[in-house]
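Q: what follows is a predicted structure for the sequence shown.
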Amino acid sequence: MVTTMLAARVSPGRVGAVLGRNVAALRTGPSYWLVLLSGFFEPVLYLLSIGVGVGALVGGLELPGGGVVDYAVFVAPAMLAVSAMSGALSETTFNFFFKMKYSKTFEAVLATPVRPLEIALGELSWALVRSSLYTGAFLVVMVALGLTSPVGALAAFPAALLVGVAFGGVGMAISTLMRGWQDFDLLTTGQFALFLFSGTFSPVRDYPAVMEAVVAVTPLFHAVELVRGLAVGQPGWGLLGHAAYLVVMAVAGLVFAARRIQRTLCV
Amino acid sequence: MRAEGARAGSGPGGVKPFAELSQASVTVAGVSEQPLIYARGLVKRFGDFTAVDGIDLDVAAGEAFGFLGPNGAGKSSTMRMISCVSMPTSGELRILGMDPVRDGSRIRGRLGVCPQLDNLDPDLSVRENLTTYARYFGLSRAEARRRTEELLDFAQLREKASGAVEPLSGGMKRRLTIARALVNDPDLVLLDEPTTGLDPQARHLLWERLFRLKQRGTTLVLTTHYMDEAEQLCDRLVVMDGGRIVAQGSPRSLIETYSTPEVVELRFPDEADYAGKLEGIGRVDPLPDRILLYAEDGDAAVAEVHRRGLAPSSVLVRRSSLEDVFLQLTGRTLVD
Ligand SMILES: Nc1ncnc2c1ncn2[C@@H]1O[C@H](COP(=O)(O)OP(=O)(O)OP(=O)(O)O)[C@@H](O)[C@H]1O
Ligand SMILES: [Mg+2]
């Protein structure tokens, strides 16, 4: 169903127009650049303080695929996944919600040939642009600090893009359900919980069994495992499972968001 | 019903004075037989509430068609269905010969929509609001820029072009919204209370612009609370009340049917029951602040009032207007 929807109804030009609107908005609002910059520095600061700082106390860490690496090498890919997530989420939650509920931007767009799914795709592409700016820059930092090889970085980059698409899709879906700004506190808390407990700072096998099981169904865990596997140079078939999880997440989020746009704005 | 729409000058032979604006409107010349808007038993419900209660419409190419009605009559709900942004609950609807459910995107590509409430993009400049909107319609960058420059002049917003939308005055925002509705050179323009918030000068300027659009063969559909606007712009109109169409026809024919050629407005210095004393002169309509007297001949009616020994503090004889039709049909004045 999804593929027929995509094939029959989506015009790349219109998706591009939605993306272009966001590029134009960027030129007009200078404060946006500050937000963009701070979003990039956050995971870098975590990497330096925890990865390198705490890492000095922890010492080496054994990877599931064998071999011992510096703690910072273990944490860095997780921070990469986190920056992909937060880049995509910040665009598809606050900004998306504002455009949908307050500024009536989408309402105006829906009076043109652009369809709800095209709005969702355009917004997702834009979220991906922001997410990839973060992850691209972060990978440069990782390579510079010797936390991954250039080959590892090249392999991890597309994985980070997938993470961005997955969280972007879900972020939009969540935004369409938000009743008001107060709901965002909940989202921020959820995001922080994912950040702490997704095998980011210690391997999930060190978690209690129950928690390990819970974490295994949450999204950032799969993102971290996928990105880490590629960044440390230990690819395996298991990574495909993680990637599949993220693909499903992206498509489901996208389709759900498009539906909700239609339901709430085309009344 | 359609005859009044097909008047001289409004059809395919209409003059196209703006070479630069005229991307030939194929529709008007080609499919003029088929109504651009066709509705039968159109219904819109919001939960249990019925906002539009089974209306029939035929709007022909080149026509200027108006919706009148008090607040909550269902005008905007109808306009939104015609704009293909809101789906009918039931009934039949064809826009430009197509089905809004199946071909919504294609139809919207040929419509220009000015909603009742401005929804300009606050993150974009005035100019970008136009260029960006043009891109949604698939216009090339160059074409979008060209249209934008034309429309900045149209809306008289050239000095404000690089600025943000937020600081614009209400009337300027309105003008920008209307200009934006024309960015794709639409065949059918839908304007929901286009001149609300405009000063008289801007209002008259817009009327003139709309009249020119009409002359080029563009079909106009508008809602308004201004009777003079409806009389000036519309070939044909419907009066809605409670989700139904309560009257339709040309402004003139509505006035002839529902009013008399002249109306006498009488004000009296005290609260006594003058309505009774006026009986027999013509239809009497007592309003809170004055009494309306509908008459074939206003001056004769005034003479009769004086002959009966009544001494109104002010007397005004005027031609009947749509306002009177509206009052007669809905029992309400237009306070908006
Ligand atoms: N989205 C909605 N949900 C519920 N009720 C609605 C909705 N939109 C309109 N209505 C109701 O439908 C009725 C008709 O509204 P509509 O906006 O069509 O009136 P209108 O004729 O345009 O009035 P106005 O002159 O005030 O603009 C009103 O009672 C309104 O409350
Ligand atoms: Mg309305």
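A: Yep, that arrived. Residues are numbered from 1 along each chain as shown, chains lettered A, B, ... in the order given. Ligands and ions are numbered 1, 2, ... in the order given.
Q: quick one: the most centrally placed residue in chain A and ligand 1, what's the gap?
A: Nearest to the geometric centre of chain A sits A:M85, at 2.5 Å (CA atoms, centre = their mean). Separation of A:M85 from ligand 1 (CB to the nearest ligand atom, to the nearest Å) stands at 35 Å. In this view, the C-beta of every residue, glycine as well, is placed from N, C-alpha and C.
Q: A:R14 too?
A: For A:R14, the distance to ligand 1 - CB to the nearest ligand atom - is 26 Å.
Q: hang on, that residue packs against B:R108?
A: No. A:R14 is beyond contact range of B:R108, at 11.1 Å (criterion: CB atoms under 8 Å).
Q: so what's in contact with the two at the same time?
A: Here A:R14 and B:R108 have A:P113 as joint contacts, going by CB atoms under 8 Å, 6 or more residues apart in numbering or on different chains.
Q: show me what whichever helix or strand the residue nearest to the centre of chain A is part of is packed up against.
A: Using DSSP states H and E, A:M85 sits in helix A:71-90. Under the contact definition 3 or more CB pairs under 8 Å, 6 or more residues apart in numbering or on different chains; DSSP states H and E, helix A:71-90 sits against helix A:31-46, helix A:55-58, strand A:60-62, helix A:116-144, helix A:150-177, helix A:183-196, helix A:219-231.
Q: rerun at 10 Å
A: Judged by 3 or more CB pairs under 10 Å, 6 or more residues apart in numbering or on different chains; DSSP states H and E, helix A:71-90 is in contact with helix A:31-46, helix A:55-58, strand A:60-62, strand A:68-70, helix A:116-144, helix A:150-177, helix A:183-196, helix A:219-231.
Q: nearest to ligand 1: which residue in the stretch 1-150 of chain A?
A: For the stretch 1-150 of chain A, the residue positioned closest to ligand 1 under CB to the nearest ligand atom is A:E107, at a distance of 11.7 Å.
Q: now do the stretch 101-250 of chain B
A: For the stretch 101-250 of chain B, CB to the nearest ligand atom, closest residue to ligand 1: B:Q116, 5.6 Å.
Q: identify the residue nearest that residue in space, chain neighbours excluded?
A: B:D192 (4.1 Å; CB to CB, 6 or more residues apart in numbering or on different chains).
Q: so what's that neighbour bridging to?
A: When assigned by DSSP bridges, B:D192 has beta-bridge partners B:T223.
Q: I figured it was touching B:S76, is that so?
A: Yes. Using CB atoms under 10 Å, B:D192 is in contact with B:S76, at 5.5 Å.
Q: so the residue of the stretch 101-250 of chain B closest to ligand 1 makes contact with B:T78?
A: No. With contact defined as CB under 10 Å, B:Q116 does not count as touching B:T78 (11.8 Å).
Q: the more surrounded of the two?
A: A count of neighbours by other CB atoms under 10 Å in any protein chain shown puts B:T78 above the other of B:Q116 and B:T78, at 31 against 16.
Q: count the neighbours of the residue nearest to B:Q116 for me.
A: 22.
Q: which residues does it contact?
A: Contacts for B:D192 (CB atoms under 10 Å, 6 or more residues apart in numbering or on different chains) come out as B:67, B:75-76, B:78-80, B:83, B:113-117, B:177, B:221-224.
Q: so what does whichever helix or strand B:E323 is part of touch, helix or strand wise?
A: Using DSSP H and E, B:E323 sits in helix B:322-330. Contacting helix B:322-330 under the criterion 3+ CB pairs under 10 Å, 6+ apart are the following elements: strand B:64-68, helix B:227-233, strand B:236-241, strand B:244-249, helix B:251-258, strand B:262-267, strand B:283-286, strand B:291-295.
Q: in three-state terms, label A:R259 for me.
A: helix (DSSP: H, G, I helix; E, B strand; the rest coil).
Q: relative to A:A78, how far out is the residue nearest to the centre of chain A?
A: Taking CB to CB, to the nearest Å as the measure, A:M85 falls 10 Å from A:A78.
Q: now for these two: what residues contact both?
A: A:P43, A:F195, A:S198, A:L220, A:A223, A:V224.
Q: isn't the last one right up against A:L196?
A: I take that to be A:V224. No. Using CB under 10 Å, A:V224 is not in contact with A:L196; the gap is 11.8 Å.
Q: so which of those two has more stuff around it?
A: Remark: of A:V224 and A:L196, A:V224 carries more neighbours, 26 against 9, as counted by other CB under 10 Å.
Q: pLDDT score assigned to that one?
A: On pLDDT, A:V224 comes in at 96.
Q: OK, contacts around it?
A: A:V224 touches A:75, A:77-82, A:85, A:163, A:194, A:198-200, A:204, A:215, A:242, counting by CB under 10 Å, 6+ apart.
Q: what comes up buried for the helix or strand encompassing the residue of the stretch 1-150 of chain A closest to ligand 1?
A: Element membership for A:E107 (DSSP H and E) is helix A:105-109. For helix A:105-109, the buried set under the neighbour-count rule, 16 or more other CB atoms under 10 Å in any protein chain shown, comprises A:T105, A:F106, A:E107, A:A108, A:V109.
Q: what about B:R80, which SS state?
A: B:R80 - assigned by three-state DSSP - is helix.
Q: which residues sit in contact with it?
A: A:111, A:266-267, B:44, B:51-52, B:86-87, B:113, B:115-116, B:190, B:192.
Q: which ones are touching the residue of the stretch 51-200 of chain B found nearest ligand 2?
A: When scored by CB to the ion, the stretch 51-200 of chain B has B:S76 as its residue closest to ligand 2, at 3.1 Å. By CB under 10 Å, 6+ apart, the residues touching B:S76 are B:A51, B:V52, B:F67, B:G69, B:S83, B:S86, B:P115, B:Q116, B:L117, B:D192, B:E193, B:T223.
Q: give me the subset of those residues touching ligand 2.
A: B:Q116 (CB under 5 Å from the ion).
Q: quick check: the two most widely separated of the contacts of B:S76?
A: Largest separation among those by CB to CB: B:V52 and B:L117, giving 18.7 Å.
Q: that's all I had, so thanks and see you.
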